[in-house]
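In: got a predicted structure here, sequence first:
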Amino acid sequence: MSAQPQSSIFSSVPNFNPVANPIPARMKGLNRAEICDVNFVEFVKGWSGRADARPAAHEAILDGSALDARGFRELFESQLISRHLDLMARVLRVQNKVFYTIGSSGHEGNAMVARLTRHTDPAFLHYRSGGFMAERFRKLPGMDPVMDSALSFAASKDDPASGGRHKVWGSKPLWVLPQTSTIASHLPKALGTAVAIETGRRLGHALPIPDDSIAICSFGDASANHATAQTAFNAAAWTAYQKLPAPVLFVCEDNGIGISVKTPGGWIGNRFRNMDGLDYFAADGLDLANGYADVQRAVEHCRRTRRPTFLHLRTTRIMGHAGTDFEIEWRSVEELCAVEASDPLLRSAAIALESGLMSADEVLELYEATRKRCFAAAEEADRRPKLDRLAEVIAPLAPYSPEAVAREAARADYAERRLEVFGGAAKLPENQPPRHLAIQINNALHDIFAKYPETLLFGEDVAQKGGVYTVTKGLQKAFGPRRVFNTLLDETMILGMAQGFANVGLLPIPEIQYLAYFHNACDQIRGEAASLQFFSNNQYRNPMVVRIAGLGYQRGFGGHFHNDNSITALRDIPCLVVGCPSRGDDAATMLRTLTALAKVDGRVAVFLEPIALYMSKDLYEPGDGAWLTSYPSPDQAMTLGEGRSYGDGDDLVIFSYGNGVPMSLRAARAIEAKHGWKTRVVDLRWLVPLNDAYIVEQARNAKRIIVVDEGRRSAGVGEGVITAIAEGGFGGRPFQRVVGVDTYTPLAGAAFLVIPGEEDIVAAADVLAGNS
């Protein structure tokens with residue numbers, strides 16, 4: 001299943017040995033980019049080997065090679081484009097014309113992966129992918145890898161990948177989804193996309209790419225050690241073990257170093273060569289003629305078998321990690337020279353010369369023409385407009401089409417399917433008696449699945465068991481195991497899978513079993529899912545509604561990990577929407593709006609479900625049933641940001657959410673009896689972003705204000721409410737904040753000592769009464 005790269009690629013490169021013939025002392029003070037540039041020119045000029053007869057386009061470039069002459073020539077050109085983009089960036093960065101200098105030099109062999117795959121194979125690339133991109137640009141006519149890349153280097157708003165927001169390798173027509181620089185965070189969604197290709201096909205979903213596509217994911221040897229990478233490898237093997245298709249090509253570009261930390265020799269091969277569930281191939285990325293067949297075997301294997309495939313691609317890293325990495329300060333000249341001697345462009349030049357395909361003059365002419373082309377493009381890119389207005393910068397961050405979302409949320413043109421799902425008109429949920437929160441969420445999910453056949457729900461224990469609180473009970477029976485299924489116990493992969501499904505046009509509703517578990521996987525939302533629209537200039541989107549059970553107040557069960565009351569990690573994620581219902585009818589209409597927001601505007605949202613309210617039926621007295629609600633008909637939806645108020649009093653206005661709402665209503669009754677005040681309780685419902693205008697309007701006529709926040713004191717929702725009131729001009733009103741303590745949640749009755757209680761709200765009102 002594997003092919004080992006040669007121990008040395010320079011046995012056929014004559015007259016070049018910088019170790020035996022060190023560079024002149026005058027060159028030691030030059031930056032390494034200049035030295036690599038000079039090395040190439042001097043190597044070609046000094047080449048004196050014997051050349052074969054010029055091969056025809058379809059003939060092998062060298063005897064025994066699977067690569068033909070035409071293919072080699074184009075790959076060589078792509079390598080040169082990548083190299084001169086790097087050299088250009090180093091020169092123009094000091095002139096403030098380029099804003100990114102992490103290069104691809106030494107990794108140009110990844111162009112082979114691009115050549116042997118399709119432009120419809122979704123690609124998730126790390127930052128040393130210049131060669132891959134230059135080659136993939138050949139897949140579609142009329143595209144220019146040099147100009148497009150130059151615009152990205154220059155942070156021009158004409159950059160077709162990100163609109164000037166980030167230097168990313170990305171292209172909508174070439175199916176290269178732009179990545180941030182978060183280490184290894186793209187591996188889970190690459191695997192998720194591979195699984196989604198097969199899932200979509202089996203569901204009969206119209207995929208935006210061919211059914212036999214594969215997902216490509218490249219990363220470095222250092223990144224392979226990251227926990228996020230390891231979770232993807234484990235999940236891939238877990239999938240393969242169950243004989244579930246997952247056609248992902250993991251491309252580990254092994255250059256032996258991560259910034260300055262060296263990878264132990266042989267580590268990657270030893271770690272992955274015999275890993276069950278990952279089919280291992282090795283290829284020499286430093287030698288196009290030698291490595292091409294092995295890359296081809298890996299790609300064909302992945303596409304044919306639909307199994308996770310690990311391609312160990314030998315590379316090197318020259319010119320340092322980035323322009324600011326002065327390797328001469330921490331590596332010896334001898335070591336640097338040895339690394340530079342392994343430059344894959346030297347081997348490619350030797351192949352061009354040995355094969356007779358090109359003369360030395362032709363190689364140098366192509367080299368300098370490519371340099372000229374890259375610098376000309378960079379100068380043109382520098383003249384193009386930059387982002388210079390805040391509105392431009394954030395335009396793709398959080399698209400919102402309120403009228404279209406409202407129409408989609410209230411669309412109810414699936415009446416026959418509803419009758420099938422619920423078992424007839426008499427059993428429709430709107431024809432049932434009022435029910436509690438958990439039942440109405442379950443009804444709403446059934447409705448959403450009936451409305452959107454592309455919807456999937458998955459997570460831990462959500463299938464046969466129906467969730468640990470039975471909220472998803474019956475969904476798998478109604479819609480089948482291809483749409484409702486359990487995952488392995490790995491929140492990072494759950495959210496990575498969600499992104500993958502969204503990438504191919506499905507609508508994922510992943511479940512995170514408890515709020516505390518979200519923190520294990522937060523970067524899959526913060527760094528990946530929520531950032532995609534921003535960094536792709538809204539060309540790519542990964543819509544999803546993440547269900548998270550959380551918050552406190554469970555009795556007889558819990559401790560910190562089952563009663564986590566902090567949503568701070570959610571509040572500061574740009575563009576994320578977080579809704580938190582306190583009652584069943586609100587849950588149904590909120591879910592409809594969130595799914596519509598995902599469908600229409602591609603947004604990422606979190607539906608935060610208060611566990612302690614799942615089964616709540618009563619409000620004021622046992623048996624009163626006052627917290628049960630009727631199910632809203634399917635043409636009803638909640639406007640994003642819309643709150644709900646109880647009462648019309650102005651003597652005291654209480655702001656809260658989740659568990660705090662029924663608690664505040666009970667406290668308000670006691671306060672009215674004690675102080676004679678007319679009260680109003682405001683349920684925020686939407687926690688991210690807070691509706692500042694709504695909050696200010698509710699506070700406008702308030703004589704006193706209490707903010708009840710069941711989260712922690714620091715960085716909680718209450719801070720946002722108080723800020724909105726103050727900035728709205730009403731900060732002078734007497735107010736109190738009733739909030740949780742900055743601590744972890746203890747077990748049993750002690751848990752209620754660290755979160756607000758009804759008596760705390762009444763006590764806060766007493767303080768306000770004493771101050772009035």
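Out: Nice, thanks for sending it over.

In: can you pull up the most central residue in this protein?
Out: Taking C-alpha atoms, centre = their mean as the criterion, residue 528 is the residue nearest the geometric centre of the chain, at 2.0 Å.

In: residues contacting the nearest residue to residue 566 once chain neighbours are set aside?
Out: Nearest in space to residue 566, with sequence neighbours left out and distances taken as C-beta to C-beta, 6 or more residues apart in numbering, is residue 712 at 5.0 Å. For glycine as for every other residue, the C-beta is placed from the backbone atoms N, C-alpha and C. Residue 712 sits next to 565-566, 568, 739-743 when contact means C-beta atoms under 8 Å, 6 or more residues apart in numbering.

In: cutoff 7 Å now
Out: By C-beta atoms under 7 Å, 6 or more residues apart in numbering, the residues touching residue 712 are 565-566, 740-742.

In: from residue 503, how far off is residue 114?
Out: Note on residue 114: its distance to residue 503, by C-beta to C-beta, to the nearest Å, is 19 Å.

In: quick one: the strands in the stretch 151-300 of the chain?
Out: 215-220, 248-254, 257-258, 261-262, 279-284 (DSSP state E, counting those that start in this stretch).

In: now do the contacts for the residue sitting furthest away from the middle of the chain.
Out: Computed with C-alpha atoms, centre = their mean, the residue of the chain farthest from its C-alpha average is residue 676, at 52.5 Å. Residue 676 sits next to no residue when contact means C-beta under 7 Å, 6+ apart.

In: of the contacts of residue 712, which is the most crowded?
Out: Using other C-beta atoms under 10 Å as the neighbour criterion, residue 565 leads the contacts of residue 712 with 27 neighbours.

In: wait, it touches residue 740, no?
Out: Yes. Applying C-beta atoms under 7 Å as the test, residue 565 and residue 740 come out as touching, 5.6 Å apart.

In: quick check: neighbours shared by these two?
Out: Common neighbours of residue 565 and residue 740 (C-beta under 7 Å, 6+ apart) are 710-712, 755.

In: dump those residues to CSV, plus pLDDT and secondary structure.
Out: As requested, those are arranged in CSV below (pLDDT from 0 to 100; DSSP: H, G, I helix; E, B strand; the rest coil):
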residue, pLDDT, secondary structure
710, 95, strand
711, 94, strand
712, 92, strand
755, 93, coil
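
In: of the residues you listed, just the buried ones, PyMOL syntax please.
Out: PyMOL command restricting the shared contacts of residue 565 and residue 740 to the buried ones, with burial defined by 16 or more other C-beta atoms under 10 Å:
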select buried, resi 710+711+712+755
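
In: that older thread, closest one of the contacts of residue 712 to residue 255?
Out: residue 566 (40.3 Å; C-beta to C-beta).

In: assign a three-state SS to that closest one, would you?
Out: When classified by DSSP: H, G, I helix; E, B strand; the rest coil, residue 566 comes out as coil.

In: the closest residue to residue 597 other than its chain neighbours and residue 255: what is the separation?
Out: Nearest residue to residue 597, sequence neighbours excluded (C-beta to C-beta, 6+ apart): residue 603, at 4.8 Å. Applying C-beta to C-beta, the value for residue 603 to residue 255 is 38 Å.

In: rewinding a little: so who does the residue nearest to the centre of the chain touch?
Out: 185-186, 189, 499.

In: and residue 302, what element?
Out: Taking DSSP states H and E as the definition, one finds residue 302 inside helix 288-305.

In: of residue 603 and residue 255, give the one with the bigger neighbour count.
Out: residue 603 (26 against 22).

In: OK, contacts around the more buried one?
Out: Contacts of residue 603 (C-beta under 7 Å, 6+ apart): 543, 577, 597.

In: tell me which of these fall in helices.
Out: By the criterion of DSSP state H, membership of these in helices covers residue 597.

In: can you add neighbour count and distance to residue 510 and give the contacts of residue 603 back as a markdown table?
Out: Shown next, in a markdown table, are the contacts of residue 603 (neighbours: other C-beta atoms under 10 Å; distance: C-beta to C-beta, whole Å):
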| residue | neighbour count | distance to residue 510 |
| --- | --- | --- |
| 543 | 25 | 12 |
| 577 | 26 | 15 |
| 597 | 26 | 16 |
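
In: between the contacts of residue 603, which is closest to residue 768?
Out: residue 577 (33.0 Å).

In: for the closest one, which non-adjacent residue is closest in space?
Out: residue 605 (4.1 Å).

In: just say helix, strand or coil for the one you found.
Out: Per three-state DSSP, residue 605 ends up strand.

In: if we can go back for a sec, between the strands of the stretch 151-300 of the chain, which one is nearest to residue 397?
Out: For the strands of the stretch 151-300 of the chain, the distance to residue 397 is smallest for strand 215-220, at 25.6 Å, taking C-beta to C-beta.
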